[in-house]
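> structure of the sequence below:
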Amino acid sequence: MKRSTERILTTHSGSLIRTRAIIEGMKARTINRPYDQHTLAVDIRNGIAEVVRQQVETGIDIPNDGEFGRRGFTSYIHERLSGLEPRPPDPHDFQLGPGGERAQFPDFSEQYDKHFRFLWMHPDIDMAEVANAPAIVERFRVTGPLRYKGQAAVQQDIATLKAALQGLNVADAFITAVTPTSRHSDRDVDKYYPTLQAYLYDLADAMHEEYKAITDAGFILQCDFAALNPGAIIDRTGALREDARKARELAVEVLNHALRDVPEDRVRYHHCWGSNNRPHTTDTPLVEILPQLFKIKAQAYGVESANPRHEHEWMAWKDVRLPDGKILIPGLISQSTNVVEHPELVAWRIKNFASVVGKENVIAGVDCGFSQYWDQIRVHPTVQWAKLQALVEGAALASRELWGRNVADATPAEVAVAHVS
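Have a look, this model is predicted:
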């Protein structure tokens with residue numbers, strides 16, 4: 001994995017806003033309406049080529065495919081596993097956010113749940129047909145022992161991204177993959193597995209094949225291990241804190257089992273506290289999860305740092321030492337607000353982290369994805385690109401000061417142009 005040896009490198013968290021054509025195809029697929037699979041495949045391939053080019057032209061050093069080929073960062077997985085099928089959503093599946101926070105802000109939660117998914121959807125795409133079948137809360141049931149069947153799909157992901165990168169100069173490129181521990185709402189597990197733990201380890205064995213395929217192809221693997229992992233209780237009462245710690249320990253053990261034989265220096269892990277624009281008052285403090293974070297077999301760790309509930313936590317690294325050889329990917333812009341961060345603010349945030357973990361150990365990132373599911377868009381598409389431009393410009397400003405050499409003295413525009421061969 002490339003480090004920031006001459007300047008601060010830039011990346012993001014995975015999902016970017018899909019093209020209109022892809023969204024239309026995803027919608028049809030979600031509501032089981034007839035659609036042309038070949039046309040959707042072409043739209044995805046063309047969309048990935050364009051979004052990779054746009055990332056590089058913006059100045060992103062470590063791009064990806066924007067997750068354009070997937071309905072969601074977790075909800076694609078049943079297409080690659082036998083023994084897992086979609087189930088009808090329950091009423092509570094339409095509620096997003098931890099229970100403790102929902103109890104604190106019931107009026108906000110009720111109103112927010114009704115509108116947040118489609119706020120920035122293309123205005124001419126009718127979402128009424130999916131109001132009761134949201135991809136964002138797509139849930140599953142177990143129908144038999146799990147086996148990986150996604151060999152062709154992951155190879156398609158790899159081939160499409162490789163083709164999109166042809167002729168472009170990048171430091172690295174990454175592909176995201178869901179972790180076994182995201183399967184906390186699957187039903188009928190007890191019909192086929194003696195314990196939840198046995199089920200999670202079987203999931204880990206299945207996903208191991210996808211992880212190996214990605215890294216064997218030369219890409220960086222990003223594992224998404226959201227705060228809402230199975231049993232990870234977010235409620236901040238003292239009685240539940242030990243239960244949450246034990247759940248995180250189990251989740252790390254399961255993830256590491258899935259990562260066996262995968263080179264640690266080809267893995268980065270993204271941790272967030274849920275990316276919605278919500279109060280976040282029940283988020284677990286960063287210092288509380290760091291002992292488990294460091295046990296994950298990854299070289300780089302991405303954490304939310306632009307979220308105002310967590311921005312101050314850069315100071316935790318004054319007292320907690322980043323292990324040797326590790327890289328920190330702090331989120332320096334937020335996907336949950338349409339306010340575009342000033343490049344000077346981004347630079348200031350970068351310098352804060354560089355002062356406590358070392359500039360060569362920092363890669364500038366984004367708090368979370370801009371569109372983890374096809375039907376949920378966090379900000380307006382034009383704002384997404386303005387934010388990524390601010391990230392690049394802020395990294396250039398910080399690099400100029402941190403290195404003080406000509407190599408970092410290029411203007412943001414020159415930095416962006418230099419990325420295109």
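> what about T143, helix or strand, and which?
Applying DSSP states H and E as the criterion places T143 in strand 139-148.
> now for that strand, which elements pack on it?
With contacts taken as 3 or more CB pairs under 8 Å, 6 or more residues apart in numbering; DSSP states H and E, strand 139-148 sits against strand 81-87, helix 196-216. Every residue, glycine included, has its C-beta placed from N, CA and C.
> please enumerate residues in contact with the first one?
What it means is strand 81-87. Where contact means CB atoms under 8 Å, 6 or more residues apart in numbering, the residues beyond strand 81-87 that reach it are 77-78, 138-150, 186-187, 192, 203, 206.
> so how do I select the buried members of those in PyMOL?
Typed into PyMOL, the next command selects the buried ones out of those (criterion: 16 or more other CB atoms under 10 Å):
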select buried, resi 77+78+138+140+141+142+146+148+150+186+203+206
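> neighbours around the residue lying closest to L200 once chain neighbours are set aside, how many?
Spatially, and ignoring its direct neighbours in sequence, L200 is nearest to V254 (4.6 Å; CB to CB, 6 or more residues apart in numbering). Neighbour count for V254, taken as other CB atoms under 10 Å: 24.
> list the contacts for V254?
Going by CB under 8 Å, 6+ apart, V254 touches P180, T181, Q197, L200, Y201, L203, A204.
> how many residues are close by Q37?
Other residues within reach of Q37, judged by other CB under 10 Å, total 11.
> for V42, same thing?
Around V42 there are 13 other residues, counting by other CB under 10 Å.
> again, but for T195
Number of residues near T195 (other CB under 10 Å) recorded here: 10.
> next one: N64
Residues near N64, counting by other CB under 10 Å, number 28.
> for it, helix, strand, or coil?
Three-state call for N64 (DSSP: H, G, I helix; E, B strand; the rest coil): coil.
> report pLDDT for it.
Model confidence at N64, given as pLDDT, is 98.
> and for the one 5 residues further on?
With respect to pLDDT, G69 scores 95.
> next up, the contacts around it.
I44, I48, Y76, Q156, D157, T160.
> next: T215.
Applying CB under 8 Å, 6+ apart, we find T215 in contact with L221, V262, P263, R266, V267.
> confirm that the second one sits in a strand.
No: in this structure, V262 is coil, not part of a strand, as judged by three-state DSSP.
> quick one: V379 from E304, how far?
16 Å (CB to CB, to the nearest Å).
> residue boundaries of the helices in the stretch 151-300 of the chain?
151-165, 196-216, 238-258, 286-293 (DSSP state H, counting those that start in this stretch).
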